[in-house]
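[1] for reference, the sequence and a predicted model appear below.
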Amino acid sequence: MGLIIVKIGGNAIDQLTANFFDQLRTWRQQHHQVLLIHGGGPQISALSQQLGLTVEKRNGLRVTDAAMLDLTKMVLLGVTQPKLLTKLAQAHIPALGLNAADQRLLTGDWVNQARYGHVGHVTGINQPVLQDLLTNQIGVLAPLAMTATGQWLNVNADDAAAVVAQKLQAERLYLLTDVAGVLQEGAVIHQLTPQKVAMLMSNNVIKSGMQPKLKAAVAAIRSGVKTVHITNQLTVNGTVLTQEAE
Ligand SMILES: Nc1ncnc2c1ncn2[C@@H]1O[C@H](COP(=O)(O)OP(=O)(O)O)[C@@H](O)[C@H]1O
Ligand SMILES: CC(=O)N[C@@H](CCC(=O)OP(=O)(O)O)C(=O)O
C-alpha cells in the first residue's frame, strides 16, 4: 500500500472534523503509510503582529529575517505541531512530531537570501529514516529545512509537501485548505491538469494563496505523484489534479 501525504494549512488545523481522524484511521487499517505536513502561516502572522514584527510576503513567501525565523520555529514547533499532535492523541491515533533537525530529515538551501532572507526549499530528505518511522505511526512534519551547515530555513508548507511527496514517491498528495477546492465563479473545478492550471493562471482565476499552492501541486504531478487533491475535507475529492484528463 502506498504513501499518502496530507498538507494541513494553518487555518485547516483549527477546522478538523471527526471525518478527518476517521479517514486517517481507515488508511492506516488499509496499511497505507501516512505523513502529515503542517503549516501555521496565519498563526505566525498573528503572533508577529502582537509582538510588533513586520509581516511581509513576496510571491507568497514570508520574508524571514533572524528574528522572524526564531518566531516561525517557535510557532511551528511550539504551537501548531503540538496542537495537531494533541488532536491525534485525543483521537487515539499513534503519531510522532518531526522536524528538520531529527536525523536531518529535511535538508534545504536558500531560495534567494537577498530577497527573502532565511527562506528555503527542500533539497533532500532522510528517506530510510522517514520510511522506517512511517511503518509504525503517522509522521507529523514541520515545514522547516536545515542547510548542510546547520542553518534553519523557513519553507512554504505546500512546497515542502510537494517535494517530500516527489522524493518519497507518494501515491497521493492532499493539500487541505480552507476552501472546497479551486474555484471558478464560485464553483469547484473538479478536474485539473497542468495545462488547465496554466490557462487558469493566465486568465487570473487563480489568486493569492492558491497560486503557490497550485504551482506546488503541478510540480508534484510533473515529478510522478499520481494525484493531488485540493480540498477542505479528506472525504471529499475537491479539485483533483492529474497529469492527463481522466
Ligand atoms: N480560484 C481560487 N479558488 C480557490 N481559492 C482561491 C482562488 N484564488 C485565490 N484563492 C484563495 O486561496 C486561499 C487558499 O490559500 P491559502 O490561504 O494560502 O491556504 P493555506 O493556508 O491552506 O495554505 C483561499 O482561502 C482563497 O482565499
Ligand atoms: C517561507 C514561508 O512562507 N513559510 C511559511 C510556512 C508556514 C506555512 O506555509 O503555513 P500555511 O500552509 O498555513 O500557509 C510561513 O512562514 O508562513
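    All right, it came through fine. Ligands and ions are numbered 1, 2, ... in the order given.
[2] switch to C-alpha atoms for all contacts and neighbour counts from now on
    OK.
[3] pretty sure Gly2 sits against Leu173.
    No. At 11.1 Å, Gly2 does not count as touching Leu173 under the criterion of Cα atoms under 8 Å.
[4] more crowded one of the two?
    Between Gly2 and Leu173, Leu173 has the larger neighbour count (other Cα atoms under 10 Å), namely 29 against 15.
[5] residues contacting the more buried one?
    By Cα atoms under 8 Å, 6 or more residues apart in numbering, the contact set of Leu173 is Ile4, Ile5, Val6, Lys7, Ala161, Ala162, Ala165, Val225, Thr227, Val228, His229.
[6] how about the helix or strand hosting it, does it reach ligand 2?
    Assigned by DSSP states H and E, Leu173 belongs to strand 172-176. No. With Cα under 6 Å from any ligand atom as the criterion, ligand 2 is not reached by strand 172-176; the gap is at least 8.9 Å.
[7] next one: stretch 56-65
    Yes. Counting by Cα under 6 Å from any ligand atom, ligand 2 has neighbours in stretch 56-65: Leu61, Arg62.
[8] chain center to that stretch: distance?
    Centroid separation for stretch 56-65 versus its chain: 17 Å, with Cα atoms, centre = their mean, to the nearest Å.
[9] which parts of it are buried?
    Neighbour-count burial for stretch 56-65, counted by 16 or more other Cα atoms under 10 Å, picks out Leu61, Arg62, Val63, Thr64.
[10] give me the below-cutoff pLDDT ranges for this protein.
    Low-confidence segments of the chain (pLDDT under 70): none present.
[11] now do the helices in it.
    Taking DSSP state H as the criterion, the chain carries its helices at 10-13, 18-29, 41-51, 66-75, 81-90, 113-116, 127-136, 157-167, 194-202, 210-222.
[12] quick one: Lys73 from Arg222, how far?
    Distance, Lys73 to Arg222, by Cα to Cα, to the nearest Å: 30 Å.
[13] again with Trp110
    23 Å.
[14] same check on Val119?
    23 Å.
[15] before we move on, what about Val122?
    Distance, Val122 to Arg222, by Cα to Cα: 17 Å.
[16] who has more neighbours out of those two?
    Using other Cα under 10 Å, the more surrounded residue of Val122 and Arg222 is Val122, with 26 against 14.
[17] ok, and the closest non-adjacent residue to that one?
    Using Cα to Cα, 6 or more residues apart in numbering and skipping residues adjacent in sequence, the residue nearest Val122 is Gly108, 4.3 Å away.
[18] right, and the one you found touches Met146 too?
    Yes. Here Gly108 lies in contact with Met146, judged by Cα under 8 Å, at a distance of 5.4 Å.
[19] can you pull the residues that touch both of these two?
    Shared contacts of Gly108 and Met146, counting by Cα under 8 Å, 6+ apart, come down to Leu153.
[20] how close does the spatially most distant residue from the centre of the chain get to Gly40?
    Ranked by distance from the centre of the chain (Cα atoms, centre = their mean), the top residue is Gly52, with 26.9 Å. Distance of Gly52 to Gly40, computed by Cα to Cα: 18 Å.
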